[in-house]
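Novice: heads up, no residue letters with this:
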């Protein structure tokens with residue numbers, strides 16, 4: 001057996017450069033590169049390996065460990081989970097800064113490879129700078145914090161352990177059902193240790209992403225369930241995109257006359273104007289989708305986690321005779337809400353169901369004219385919200401209307417948190433799949449700009465726009481600088497409503513007068529003074545961006561045109577009126593208020609909330 005002497009870090013880099021994936025006979029490189037911020041714990045180990053022998057791997061210098069890890073996750077999401085960037089950090093705080101991003105990736109089922117530096121395995125010196133000491137367990141380091149938010153976790157304490165660890169890491173990263181964050185902790189001394197690795201470890205590896213076929217018995221049960229129902233509705237999730245099944249879903253819906261609703265991750269599986277696309281469902285759903293879901297006698301959930309926003313905290317599917325058919329490649333998700341499970345790849349499952357239902361001559365019993373009327377009614381509502389003008393300023397829905405009309409069909413929007421996800425889920429009109437990039441599994445504030453940069457790395461056609469509130473912008477905008485450094489233009493559309501207005505609205509909806517959520521000067525012990533005059537345009541310009549401002553529809557159009565013409569990353573600062581987002585549409589989200597309060601408004605809200613809770617599905 002031939003061997004080659006390399007440090008553990010050098011072997012890791014060489015191994016990553018040789019990883020490929022294949023699906024449906026199409027092969028592509030899996031690990032595109034590494035994002036990193038160097039410090040003690042990785043600069044002389046993996047840093048040296050990347051400097052001297054990274055092969056074809058790209059290297060991107062992050063500005064915030066959390067931000068670069070979000071960017072890596074967004075790159076994987078926009079790539080359909082078929083390509084990744086790994087992320088390397090120093091020990092201690094540098095590593096821990098990636099924990100939030102790890103959780104975000106795992107919740108959303110996105111492959112993310114994290115390579116945090118770790119303390120000395122030989123414990124000399126001890127303790128080292130930034131070491132977290134646990135007096136009851138000296139094997140614990142800060143990197144143990146990644147365990148609950150990782151789908152696979154390992155620590156390399158001997159260089160030869162790398163070989164088995166990376167085999168397991170790649171298993172998880174390329175598994176459609178089991179993917180998420182993978183954390184490989186790298187002690188700084190072990191990174192630099194040499195070992196004679198077998199040459200075979202570095203051969204090109206092609207990881208086949210095999211489509212998981214449904215069992216014949218499960219398929220038969222599912223087909224019978226559908227055939228026995230008259231008014232099914234499809235809830236399309238992100239798994240439809242990842243299974244490359246958007247066209248299959250369209251044909252299935254058209255053939256059997258079944259209306260389609262979309263989760264945040266599933267949005268854009270059909271063009272917004274497709275006759276059977278009723279749009280968003282659940283808490284942030286359209287009136288057309290929510291009414292249809294409430295009346296349905298069968299919910300066909302395809303590739304969705306069935307989160308509380310999708311199910312309106314288990315109240316969305318209100319028909320007492322309604323049953324669930326859960327089509328999912330992950331058994332964990334397929335068995336939720338007491339549904340009938342069809343554990344399979346979404347594309348193969350829909351094709352198999354279509355074959356059996358065709359044999360039975362099945363067709364859903366919908367009045368197509370009634371569905372069209374319901375969809376037309378919602379389209380009129382969106383038109384009205386997009387055109388909503390007020391003399392005192394720019395409404396959020398008017399701004400979205402201008403943006404939606406302006407951007408091209410190949411452009412991608414990225415969002416994650418605040419009131420914007422609700423408005424975008426309800427109102428946004430995408431024409432092509434994967435042009436709507438929403439991180440709503442974790443709804444992580446600060447993902448938006450990093451996510452836009454990651455999406456731009458994966459997207460060669462069209463512009464990428466980050467839609468972000470001022471609260472999320474202030475939390476994390478560091479990778480805006482990275483986009484400039486990498487010459488990967490992104491456009492930041494900043495909706496400035498002076499605070500955390502989404503939660504401010506939620507707070508007041510449960511009886512509060514408003515407390516601690518607006519960006520105002522403190523007066524008499526509370527945040528009740530004038531709004532903070534933050535010049536976001538000047539801030540972006542100081543970083544090197546082309547920056548513009550807008551206060552009404554006309555100035556917004558002009559700013560968008562200037563941004564589109566720019567050759568570098570841009571920011572458009574919009575002053576929007578607080579509270580001009582959408583809400584309601586016959587849906588509910590469970591947020592429990594105080595059962596006892598000195599405020600009658602709070603207790604009244606609690607009682608109203610408890611009444612609706614009683615209508616939720618028990619399982």
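Specialist: The structure has been received and is ready for your questions. Computed from a predicted model, the values in this text were never measured in an experiment.

Novice: Looks to me like residue 572 is in a strand.
Specialist: Yes: assessed by DSSP: H, G, I helix; E, B strand; the rest coil, residue 572 belongs to a strand.

Novice: Who is it paired with across the strands?
Specialist: Assessed by DSSP bridges, residue 572 has beta-bridge partners residue 493, residue 548.

Novice: Surely it is in contact with residue 550?
Specialist: Yes: the pair residue 572 / residue 550 is scored as a contact, 6.0 Å apart, by C-beta atoms under 8 Å. C-beta coordinates here come from the backbone N, C-alpha and C atoms, glycine included.

Novice: Show me which of those two is the more surrounded one.
Specialist: residue 572 (27 against 23; other C-beta atoms under 10 Å).

Novice: pLDDT score for the more buried one?
Specialist: For residue 572, the pLDDT comes out at 98.

Novice: now it: how far from residue 493?
Specialist: 5 Å (C-beta to C-beta, to the nearest Å).

Novice: need the helices for the stretch 401-550 of the chain, in chain order.
Specialist: 420-427, 447-458, 470-475, 479-485, 501-509, 536-543 (DSSP state H, counting those that start in this stretch).

Novice: out of these, nearest to residue 102?
Specialist: Closest to residue 102 of those is helix 447-458 (C-beta to C-beta; 12.8 Å).

Novice: Packing partners of the closest one?
Specialist: Under the contact definition 3 or more C-beta pairs under 8 Å, 6 or more residues apart in numbering; DSSP states H and E, helix 447-458 sits against helix 65-78, strand 412-415, strand 464-469, helix 470-475, helix 479-485, strand 491-496.

Novice: Repeat the analysis, applying 6 Å as the threshold.
Specialist: helix 65-78, strand 412-415, strand 464-469, helix 479-485 (3 or more C-beta pairs under 6 Å, 6 or more residues apart in numbering; DSSP states H and E).

Novice: how far away is the residue nearest the centre of the chain from residue 339?
Specialist: Geometric centre of the chain, nearest residue: residue 439, 2.4 Å, by C-alpha atoms, centre = their mean. As judged by C-beta to C-beta, residue 439 and residue 339 stand 25 Å apart.

Novice: and the closest residue in space to residue 571 that isn't next to it in sequence, how many neighbours?
Specialist: In space, and not counting its chain neighbours, residue 571 is closest to residue 540: 3.6 Å by C-beta to C-beta, 6 or more residues apart in numbering. Residues lying near residue 540 (other C-beta under 10 Å) number 23.

Novice: thought residue 540 was touching residue 547?
Specialist: Yes: with contacts defined as C-beta atoms under 6 Å, residue 540 counts as touching residue 547 at a distance of 4.2 Å.

Novice: what's near enough to touch the closest residue to residue 410 other than its chain neighbours?
Specialist: Excluding its sequence neighbours, the residue lying closest to residue 410 (C-beta to C-beta, 6+ apart) is residue 462, at 3.4 Å. Going by C-beta atoms under 6 Å, 6 or more residues apart in numbering, residue 462 touches 408, 410, 411.

Novice: Next, work out how far apart residue 462 and residue 431 are.
Specialist: 11 Å.

Novice: now swap in residue 468 and tell me
Specialist: Counting by C-beta to C-beta, the gap from residue 468 to residue 431 is 23 Å.

Novice: who's more crowded, those two?
Specialist: For residue 468 versus residue 431, neighbours defined as other C-beta under 10 Å are more numerous around residue 468 (31 against 14).

Novice: can you tell me which residues contact that one?
Specialist: 448, 494.

Novice: Beta-bridge partners for it, please?
Specialist: Applying DSSP bridges, one finds that residue 468 bridges with residue 494.

Novice: Which pLDDT does the model give the residue nearest to residue 571?
Specialist: 97.

Novice: do residue 518 as well
Specialist: You'll see residue 518 listed with a pLDDT of 89.

Novice: Same check on the one 10 residues further on?
Specialist: With respect to pLDDT, residue 528 scores 90.

Novice: Excluding residues flanking it in the chain, which one is nearest it?
Specialist: residue 520 is the one closest to residue 528 (C-beta to C-beta, 6+ apart), at 6.2 Å.

Novice: Check residue 581 too.
Specialist: Closest residue in space to residue 581, ignoring its immediate chain neighbours: residue 419 at 3.9 Å, by C-beta to C-beta, 6+ apart.

Novice: isn't that neighbour right up against residue 502?
Specialist: Yes: in this structure residue 419 lies within contact range of residue 502 using C-beta under 6 Å: 4.0 Å.

Novice: Settle it for me: which of the two has more neighbours?
Specialist: residue 419 (26 against 22).

Novice: shouldn't the residue nearest to the centre of the chain be in contact with residue 447?
Specialist: Yes: contact criterion C-beta under 6 Å: residue 439 and residue 447 qualify, at 4.8 Å.

Novice: shared neighbours, these two?
Specialist: Joint contacts of residue 439 and residue 447 (C-beta under 6 Å, 6+ apart) are residue 416.

Novice: Look at residue 129 and tell me its secondary structure.
Specialist: Per three-state DSSP, residue 129 ends up coil.

Novice: before we move on, back to that, residues contacting the residue nearest to residue 528?
Specialist: 527, 529, 531 are the contacts of residue 520 under C-beta under 6 Å, 6+ apart.

Novice: Would you mind measuring from it to residue 576?
Specialist: 16 Å.

Novice: Residue 593 now?
Specialist: From residue 593 to residue 576 the distance is 27 Å (C-beta to C-beta).

Novice: Those two: who's more crowded?
Specialist: residue 576 (27 against 21).

Novice: Next, find the distance separating the residue nearest to residue 581 from residue 43.
Specialist: 41 Å.

Novice: same check, this time on residue 219
Specialist: 54 Å.

Novice: from what I can see residue 180 touches residue 151, true?
Specialist: Yes: contact criterion C-beta under 6 Å: residue 180 and residue 151 qualify, at 3.6 Å.

Novice: Now for those two: what residues contact both?
Specialist: By C-beta under 6 Å, 6+ apart, the residues touching both residue 180 and residue 151 are residue 106.

Novice: how does the chain divide into domains?
Specialist: 3-208, 216-374, 387-575 (automatic domain parsing).

Novice: same question for the longest one, mean pLDDT?
Specialist: Spelled out, it's domain 3-208. 97.

Novice: Thank you, goodbye.
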